[in-house]
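**Student:** just to be clear, the model below is a prediction. Sequence and coordinates:
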Amino acid sequence: MGCKVKELAGVWDVIMADRDDDLSVVGATADVWVDFSHPDALKRLLAGALSLKKPIVIGTTGYTDLQMASICEAAKAVPIVHASNFSMGMAVLGALVRAARKALPDFQVEIQEIHHKQKKDAPSGTALTLAKSLGDNIVLGRQGAHMRAPDEIGIAALRGGQVIGEHTVFFFGNAERLELTHRATNRDIFAEGALKAAQWVIDKSPGLYSIKDIL
């Protein structure tokens, strides 16, 4: 297909690269590179952006520890914003969840995420990001005889229909429960957040940034 150019909100010229495009050619005139593709594309993405000294916004999830290490290494040379979810509402949910955890240290925390039936990875990258911001003892689903440890953070993944994305963080007390939920009803929110990140990162120094920095 080659690359396509279109006007977005009358402000941005968006150059869309296909899988087989030469990124050093397609992306040479771009101010920022934005990637929402597949972990297998990371090596080529970083190599091209580093050669041209281009800032990067990465929304792809499912990276291995080794791939994450390569992103951290690349961030020493170019500014990179990496997030598992570029919804501004989700970014605020993350801040609220961390505040609730600090205020309710004795409450048990559980996370439930729901996505469409075609989603391949479970749990979602967003659920993992939320969990990792709250603790280290993360349990992915439960079965059999298992007594919940006080510091566990459980994640349950549901799949069905055409649900774009729903995440609920539960805080369980002895006689009360707090629930914080984010529901995505249109995928445009992720593109809008990524464009905000792109505009924000243009003039930043090399480093690895997150959606929290943009807020």
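**Tutor:** Done, it's in.
**Student:** check which helices and strands the lengthiest helix in the chain is in contact with.
**Tutor:** The helix that spans the most residues within the chain, counting by DSSP state H, is helix 88-103. Counting contacts by 3 or more C-beta pairs under 8 Å, 6 or more residues apart in numbering; DSSP states H and E, helix 88-103 is packed against helix 125-132, strand 165-172, strand 177-184, helix 188-201, helix 211-214. Backbone N, C-alpha and C define where each C-beta goes, glycine included.
**Student:** and if we set it to 6 Å?
**Tutor:** Under the contact criterion of 3 or more C-beta pairs under 6 Å, 6 or more residues apart in numbering; DSSP states H and E, the helices and strands touching helix 88-103 comprise strand 177-184.
**Student:** now do the strand it packs on: distance to the chain's middle.
**Tutor:** Relative to the centre of its chain, strand 177-184 is centred 18 Å away, using C-alpha atoms, centre = their mean, to the nearest Å.
**Student:** next: stretch 67-77.
**Tutor:** Shown here is stretch 67-77, whose average C-alpha point lies 16 Å from the average C-alpha point of the whole chain (C-alpha atoms, centre = their mean).
**Student:** that older thread, after the longest helix of the chain, next one along is what?
**Tutor:** Downstream of helix 88-103, the next assigned helix or strand under DSSP states H and E is strand 108-115.
**Student:** restrict that following strand to CA atoms and write it as PDB.
**Tutor:** As requested, the backbone C-alpha atoms of strand 108-115 are provided in PDB (Å, rounded to 0.1, in the frame of the first residue of the first chain):
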ATOM      1  CA  GLN A 108      -6.900  -5.800  49.600                       C
ATOM      2  CA  VAL A 109      -6.500  -4.800  45.900                       C
ATOM      3  CA  GLU A 110      -7.900  -6.800  43.000                       C
ATOM      4  CA  ILE A 111      -8.200  -5.800  39.300                       C
ATOM      5  CA  GLN A 112     -10.700  -6.900  36.700                       C
ATOM      6  CA  GLU A 113     -10.300  -6.100  33.000                       C
ATOM      7  CA  ILE A 114     -12.700  -6.800  30.100                       C
ATOM      8  CA  HIS A 115     -11.900  -6.800  26.400                       C
END
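**Student:** what does that strand contact?
**Tutor:** For strand 108-115, the surrounding residues in contact (C-beta atoms under 6 Å, 6 or more residues apart in numbering) are 123-124, 127, 130-131, 134, 153-159, 163, 165-172.
**Student:** centroid residue for the protein?
**Tutor:** Residue closest to the average C-alpha location in the chain (C-alpha atoms, centre = their mean): residue 84, at 0.8 Å.
**Student:** quick one on the thing from earlier: for the contacts of strand 108-115, which ChimeraX command selects only the ones that are buried?
**Tutor:** To isolate in ChimeraX the members of the contacts of strand 108-115 that are buried, counting by 16 or more other C-beta atoms under 10 Å, one can use:
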select :123,124,127,130,131,134,153,154,155,156,157,163,165,166,167,168,169,170,171
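**Student:** and the angle from the longest helix of the chain to strand 108-115?
**Tutor:** Put simply, helix 88-103 runs at 170 degrees to strand 108-115, going by axes from the mean of the first three to the mean of the last three C-alpha atoms, to 10 degrees.
**Student:** and the angle for helix 88-103 with strand 165-172?
**Tutor:** For helix 88-103 against strand 165-172, the angle between stretch directions is 10 degrees (the same axes, to 10 degrees).
**Student:** mind listing what's buried along helix 88-103?
**Tutor:** Under the neighbour-count rule (16+ other C-beta under 10 Å), helix 88-103 has 90-91, 93-94, 97, 100-101 buried.
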